[in-house]
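>>> Provided below are the primary sequence and the corresponding predicted coordinates.
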There are 2 protein chains.
Amino acid sequence: MSTVTERAQKAKVDKFAARRSELADAALSAIADGGFARTGLRDIAARVGLSHGVLHYYFRDKDDLIAHAVWQYKSECARRYDPVVATATTASELADGFAAEMASTLQDDADMHRLWYDLRTQAMYEEGFRDTIVAIDALLTDMVWTVLRRYADLAGREIAIERDEAYALVDGAFLNALIAFLRGDLDSPARLQGTAARLLAAVLR
Amino acid sequence: MSTVTERAQKAKVDKFAARRSELADAALSAIADGGFARTGLRDIAARVGLSHGVLHYYFRDKDDLIAHAVWQYKSECARRYDPVVATATTASELADGFAAEMASTLQDDADMHRLWYDLRTQAMYEEGFRDTIVAIDALLTDMVWTVLRRYADLAGREIAIERDEAYALVDGAFLNALIAFLRGDLDSPARLQGTAARLLAAVLR
DNA sequence: GGATTTTCTGGATGGGTGTCCAGAAACGGG
DNA sequence: CCCGTTTCTGGACACCCATCCAGAAAATCC
């Protein structure tokens, strides 16, 4: 096979992938607005000015589309705390940075987080995109654990909690702050910031 | 008005209320099985061998039915820990009783709890039964706070956490244990039991 | 510039939904 | 036993859904 056709193939694949990505983004924002159950493929396609039929050209079915969409967003989202882990030089600096980041993503991306919890809940019933949800959950657990380990390192203390427990507590604090925020409690992000910072300190021994 | 017609009126009202309650129960178990989005009024009615039309005789609409159903179940559920609070004579007895109760309801009523989280998530999008969800959330927050106050009393220590924070952490631990359990992790209830007991101790100062 | 492949359209299909309602059936007081 | 009320039925309605697909349009290749 000649080099030129190889390039052509690659360009073709890239274009296909780009379209997929664009459609996944559209799906993401559409479902973030209305919720999984109330958002149809027509709503999604309308976001990019296309007919609903295209979606089946790029994705096997609705579950496939949703899986790609949520993965695309959330797998990057799990890396949100990498900078603060990499740059913090003291325990309290890390705690503050972590807490501030949580508070700001709660405020800025509330709809996306709501979507995440919606999909995770739906995955308790149907196995359509369950694998993707499980994979993201693992990513987030890793993320929390990484932060916590670095925090313990900087503090020179031991972690007094299990990996999954740590995620469960952080997740619970975040979810309940999100619910409060969506119910109109504008102070919720600020309170979450305090909770998150104190939580880190409380789980060391 | 004569006594006899008063009695008759009351019997009529009671019968109506009993039917409502029965239908709400049917709705509960149907939706617990399939999830809110995938359960229709026909499915619910079929559980009690009735036609779907009858639901609109007893309830205004689907949201009204769901609100009654989840309230009927969950408002009683929030009293589940009353006995242990009333009878425990030491802090560790209370903590153990609380933790054991959580673990056992996780194991026995997993579907119902899944339903609760489903409805709470849907209430983030639609206001249909949001008021009921908020009321139940308040009940559960009260419950956690009552347990924690009694625990602090018995331990002779202070609570180092806010009311809503306490609920958020317990809820997070429970929800994540539920997810693990539904994904096939049979040890999850046992682990939750440990987490819950340690959590109580950790939030005192 | 013609042929071929990729991309997209929008209608058809079969199914589901909540709601409403006319009328049948069961009930119960007199 | 009759008659009014309560309870229930199941069809009609308008709407929404995911999926499939024949064929139009656009892009690409030679």
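Everything's here; your move.
>>> wait, residue A:101 touches residue A:81, no?
Yes. Checked against C-beta atoms under 8 Å, the pair residue A:101 and residue A:81 is within contact range at 5.8 Å. C-betas here are computed from N, CA, C, even on glycine.
>>> could you check which of the two is surrounded by more residues?
Legend: neighbour count by other C-beta atoms under 10 Å in any protein chain shown for residue A:101 and residue A:81, higher for residue A:81 (20 against 17).
>>> list the contacts for residue A:87?
Counting by C-beta atoms under 8 Å, 6 or more residues apart in numbering or on different chains, residue A:87 makes contact with residue A:97.
>>> now it: how far from DNA strand D?
According to C-beta to the nearest atom of the strand, to the nearest Å, residue A:87 and DNA strand D sit 43 Å apart.
>>> repeat that for residue A:131.
Using C-beta to the nearest atom of the strand, residue A:131 is found at 16 Å from DNA strand D.
>>> number of nearby residues for that residue?
With other C-beta under 10 Å as criterion, residue A:131 counts 11.
>>> which residue is the nearest non-sequential neighbour of it?
Closest residue in space to residue A:131, ignoring its immediate chain neighbours: residue A:67 at 7.7 Å, by C-beta to C-beta, 6 or more residues apart in numbering or on different chains.
>>> could you check which helix or strand contains that neighbour?
helix A:62-77 (DSSP states H and E).
>>> how about stretch A:108-123: buried residues?
Buried residues in stretch A:108-123, counted by 16 or more other C-beta atoms under 10 Å in any protein chain shown: A:109-110, A:112-123.
>>> out of these, who's nearest residue B:166?
residue A:117 (20.3 Å; C-beta to C-beta).
>>> that closest one and residue A:178 touch, don't they?
Yes. Between residue A:117 and residue A:178 a contact is recorded at 7.3 Å, counting by C-beta under 8 Å.
>>> returning to what we had before: so how far is DNA strand D from the residue nearest to residue A:131?
12 Å.
>>> so who does the residue in chain A that DNA strand C sits nearest to touch?
Residue nearest to DNA strand C within chain A (C-beta to the nearest atom of the strand): residue A:53, separated by 1.9 Å. With contact taken as C-beta under 8 Å, 6+ apart, residue A:53 is in contact with residue A:45.
>>> let's see it at 7 Å
Residue A:53 makes no contacts at all, as judged by C-beta atoms under 7 Å, 6 or more residues apart in numbering or on different chains.
>>> so what pLDDT did it get?
Looking at residue A:53, its pLDDT stands at 96.
>>> show me what contacts the spatially most central residue of chain A?
With distances taken as C-alpha atoms, centre = their mean, the residue of chain A nearest its centroid is residue A:74 (2.8 Å). Residue A:74 sits next to A:116, A:136 when contact means C-beta under 7 Å, 6+ apart.
>>> the same query, at a cut-off of 8 Å, please.
Taking C-beta under 8 Å, 6+ apart as the test, what residue A:74 contacts is A:116, A:136, A:139-140.
>>> from those, which two are the most distant?
Of all pairs drawn from the contacts of residue A:74, the one with the longest distance (C-beta to C-beta) is A:116 and A:139, at 11.7 Å.
>>> in the helix or strand just after the helix holding residue A:67, which residues are buried?
Downstream of helix A:62-77, the next assigned helix or strand under DSSP H and E is helix A:82-87. For helix A:82-87, the neighbour count (16+ other C-beta under 10 Å) marks A:84-85 as buried.
>>> same for whichever helix or strand comes after helix A:82-87, what does it pack against?
Counting by DSSP H and E, the element after helix A:82-87 in chain order, helix or strand, is helix A:91-108. For helix A:91-108, the elements it packs on are helix A:82-87, helix A:130-155, helix A:163-182, helix A:188-202, judged by 3 or more C-beta pairs under 8 Å, 6 or more residues apart in numbering or on different chains; DSSP states H and E.
>>> can we see that at 6 Å?
If contacts are counted by 3 or more C-beta pairs under 6 Å, 6 or more residues apart in numbering or on different chains; DSSP states H and E, helix A:91-108 sits against helix A:130-155, helix A:188-202.
>>> so which bits of chain A are right by DNA strand C?
By C-beta under 7 Å from any atom of the strand, the residues of chain A that approach DNA strand C are A:12, A:15-16, A:19, A:45, A:49-54, A:56-58.
>>> which one of those has the most neighbours?
residue A:45 (19 neighbours).
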